[in-house]
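A.B. asks: all I have is the shape, not the residue letters:
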């Protein structure tokens, strides 16, 4: 007998067989195909892959317009994309690309048409925003060429240049002001800011941080998850706790002495499993960011985004001579070059310090 709710059987020869509908004949009767395996767990995996591939193949017969291709590309890449990435790509397609180019027949689409669209968007949107749209369109066209939906031998999509924005970093004076305010007004909101200031956590990581992630005995913060924004089936977005941003984001950060005492103090008063929450559930990112800006105002510090706290942690580490390999691991970067390019030459004060070393050597 098949497993309940599944078309999976155990054969007389001991193998498992999984059956799925591959198509229908002219009379509407289902045509089945089968996959086989020695174990139940593996046949479930094989059956899921076969169904997915068959679904994509059926949809490929309906790819006629550029919009069709964009949504085909979106589904084709969904298994390897995080849900947040998938939602971001879908939003860009629905909001910007499809309204302008979605109805264009694949036989009519051209590099010139794509580049004209990119040029029109760059006038009102940021380079990085438009660059992502350009990457989506280029990747979709490459897939279309590979799948033979379109013949386009001279594909040439112009990607807008990446502009390196100057990092927002707290000055030493601002950091001292903020730190004094936090220590004089210690609560679960200010504690989270202090954690980012002395451990470099992202806002989503702070919101998802549980007391069980903090090893007080060994003085280590274990970053294992983050709060992410996802879209529900009805199109509404909401926050939920998901896995760390990347594999490199899973990390252990030593607890600085100045951070240890506030953490220990607030742990004793907490009734929540989450570090910055007063309730059983986590604090969502928008709520926490709102509270963060109120803290800046009360502390007399200029209004800067939350990520600047993380940047300030990294910059202070570089200024204090923390080796780049360790800093890269603290920050959860995928490789050391990201840390080098982002932080090593981020401030004029740091550049002056390096020049002084040269002066001392010559003297």
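C.D. replies: Yes, it's here. Just so it is clear, the structure is predicted and the values come from calculations on it, not from any experiment.

A.B. asks: surely residue 311 meets residue 196?
C.D. replies: No - contact criterion Cβ atoms under 8 Å: residue 311 and residue 196 do not qualify, at 9.9 Å. No exception for glycine: its C-beta is placed from N, CA and C like everyone else's.

A.B. asks: surely residue 291 is in a helix?
C.D. replies: Yes - counting by DSSP: H, G, I helix; E, B strand; the rest coil, residue 291 is located in a helix.

A.B. asks: number of nearby residues for it?
C.D. replies: Neighbourhood size, residue 291 [other Cβ atoms under 10 Å]: 17.

A.B. asks: can you tell me the closest non-neighbouring residue to it?
C.D. replies: Leaving aside its chain neighbours, residue 291 sits nearest to residue 189 (4.7 Å; criterion: Cβ to Cβ, 6 or more residues apart in numbering).

A.B. asks: and the helix or strand that neighbour falls within, what does it pack onto?
C.D. replies: Residue 189 is part of helix 188-199, with elements assigned from DSSP states H and E. For helix 188-199, the contact count by 3 or more Cβ pairs under 8 Å, 6 or more residues apart in numbering; DSSP states H and E identifies helix 172-184, helix 203-208, helix 257-269, helix 285-299, helix 307-319 as packing neighbours.

A.B. asks: 6 Å instead, please
C.D. replies: Where contact means 3 or more Cβ pairs under 6 Å, 6 or more residues apart in numbering; DSSP states H and E, helix 188-199 is packed against helix 203-208, helix 257-269, helix 307-319.

A.B. asks: what angle sits between that helix and helix 257-269?
C.D. replies: Using axes from the mean of the first three to the mean of the last three Cα atoms, to 10 degrees, the direction of helix 188-199 lies 150 degrees away from that of helix 257-269.

A.B. asks: state the mean pLDDT of helix 188-199.
C.D. replies: Mean pLDDT, helix 188-199: 95.

A.B. asks: what do you get for stretch 298-317?
C.D. replies: 91.

A.B. asks: just the buried positions in that stretch, please.
C.D. replies: Under the neighbour-count criterion of 16 or more other Cβ atoms under 10 Å, stretch 298-317 has 299, 301, 304, 306, 308-317 buried.

A.B. asks: stretch 89-96 too?
C.D. replies: Result for stretch 89-96 [16+ other Cβ under 10 Å]: buried residues 89, 90, 92, 93, 96.

A.B. asks: hang on, the last one in a helix?
C.D. replies: Yes - judged by three-state DSSP, residue 96 forms part of a helix.

A.B. asks: and it, how far is that from residue 250?
C.D. replies: Using Cβ to Cβ, to the nearest Å, residue 96 is found at 33 Å from residue 250.

A.B. asks: ditto for the third one
C.D. replies: If you measure residue 92 against residue 250 using Cβ to Cβ, the figure is 28 Å.

A.B. asks: kindly report the same for the fourth one.
C.D. replies: For residue 93, the distance to residue 250 (Cβ to Cβ) stands at 30 Å.

A.B. asks: the residue sitting nearest the centre point of the chain in helix, strand or coil?
C.D. replies: The residue lying closest to the centre of the chain (Cα atoms, centre = their mean) is residue 245, at 5.1 Å. Counting by three-state DSSP, the backbone at residue 245 sits in coil.

A.B. asks: what's the neighbour count on the closest residue to it other than its chain neighbours?
C.D. replies: Of all residues not flanking residue 245 in the chain, residue 226 sits nearest, at 5.7 Å (Cβ to Cβ, 6+ apart). Using other Cβ under 10 Å, the number of residues around residue 226 comes to 23.
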